[in-house]
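>>> Fold the following.
(one chain, ligands or ions: 1)
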Amino acid sequence: MPERTRRRILAIGAHPDDVEIGAGATLLAHRAAGDEVTVVILSSGARGGCAQIRAAEAQAAADRLGARLFLYDLPDTEISAGKATIELIESVVHAVRPDLVYTHSAQDTHQDHRAVHQAVLVAARSVATVACFQSPSTTMDFRPNRFVDVSAHIRGKLELLACFASQQAIRDYLAEDLVLATARYWSRHAGTPYAEPFEVVRERVDLVAPAQLHGIPRQQAMRAAA
Ligand SMILES: [Zn+2]
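The predicted structure is shown next:
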C-alpha cells in the first residue's frame, strides 16, 4: 500500500449525537484510514434530556469511534455565534491543528446549529478544508457538493448512534431505517451503496484520500497531473 499521511480531523457539533448523525460513517472511514479524529460538542444538550446521561452517551460514542472528545457546556438552545463561542472553538483548533473540519450547515432550522456553523467558519479560518454535514433539522436548501462512500461503515454508524439510547427512545430521526434510507438516498449522487453528503465550503485537500483510493500515492499522482 502507498504511504499515506495521517490526517487530523475535527468534527464540531452543537449537541451530543449531531456529529455522529451527520458524519458518523465518514468519521469511521477516517479512523479506518488511520486519521486522528477529535469530536467537539459545544453544549451537553440539557434541554433534550439529562446532561449527565447525554455526556456519558457522547463519551461512549467517542470511545467506539476511537476519537478524542471535548465536551463543553454552552447553554443549550442559546449558543451564540459571537466571541465566546468563536474563542472556544479557536482554542480547540489551536490544540488539534486539524487538516479538515466537519460542522453544521448554515441551512438549518435549529438556531444552535446555525450559530455553530457561523462560529466555526471564523474560528477555523486557518484550516484547509471545512465541510458541512446534514442534520435532521437541515432545510431543503442544504445543497451538498461532496458525497463520501460510506458503504463499509454504515453498520458502524448505526452502532455509534446506538450509544445515544436516551435519544433513540424519543427521537424518530435516530430510527435505523431512516438512517439507512438517508444514506441510500444520497448514494444516487455517489454511485455507491451508501453515502454521506457534505457541503464543502472551503477545500484545500480532498476529503478521504482519493489518491490512495485510486492506488496512487499522492505525490506520484501530483507528478502525473503536472
Ligand atoms: Zn443538535
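>>> Return the residues in contact with the residue nearest to Thr192 when sequence neighbours are not counted.
Nearest residue to Thr192 in three dimensions, chain neighbours excluded: Asp149, at 3.9 Å (CB to CB, 6 or more residues apart in numbering). No exception for glycine: its C-beta is placed from N, CA and C like everyone else's. Listed by CB atoms under 8 Å, 6 or more residues apart in numbering, the contact partners of Asp149 are 29, 190, 192, 194-195, 208.
>>> before we move on, what about Arg54?
The contact partners of Arg54, taken as CB under 8 Å, 6+ apart, are 15-16, 44-46, 48, 164, 166-167.
>>> ok, 6 Å please
Listed by CB atoms under 6 Å, 6 or more residues apart in numbering, the contact set of Arg54 reads 16, 44-45.
>>> ok so it is a strand residue?
No - remark: Arg54 does not belong to a strand; assigned using DSSP: H, G, I helix; E, B strand; the rest coil, it is helix.
>>> if I look at it, how far off is the ion?
Using CB to the ion, to the nearest Å, Arg54 is found at 11 Å from the ion.
>>> repeat for Ile9
19 Å.
>>> what about the residue of the chain found nearest the ion, helix or strand, and which?
The ion sits closest to His15 of the chain, with a gap of 3.6 Å, by CB to the ion. Using DSSP states H and E, no element contains His15; it sits outside every helix and strand.
>>> The ion contacts on this protein?
Contact residues (CB under 5 Å from the ion) of the chain with the ion: 14-15, 18.
>>> quick one on the thing from earlier: contacting residues for the residue of the chain closest to the ion?
Applying CB under 6 Å, 6+ apart to His15 gives the contacts 43, 45.
>>> run the last query once more with 8 Å
41-45, 48, 54, 76, 112.
>>> Thr38 now?
8-11, 67-70, 92, 96, 98.
>>> Most neighbours of all those residues, which one?
In terms of neighbours by other CB atoms under 10 Å, the contacts of Thr38 top out with Leu10 at 29 neighbours.
>>> Report the secondary structure state of it.
Under three-state DSSP, Leu10 comes out as strand.
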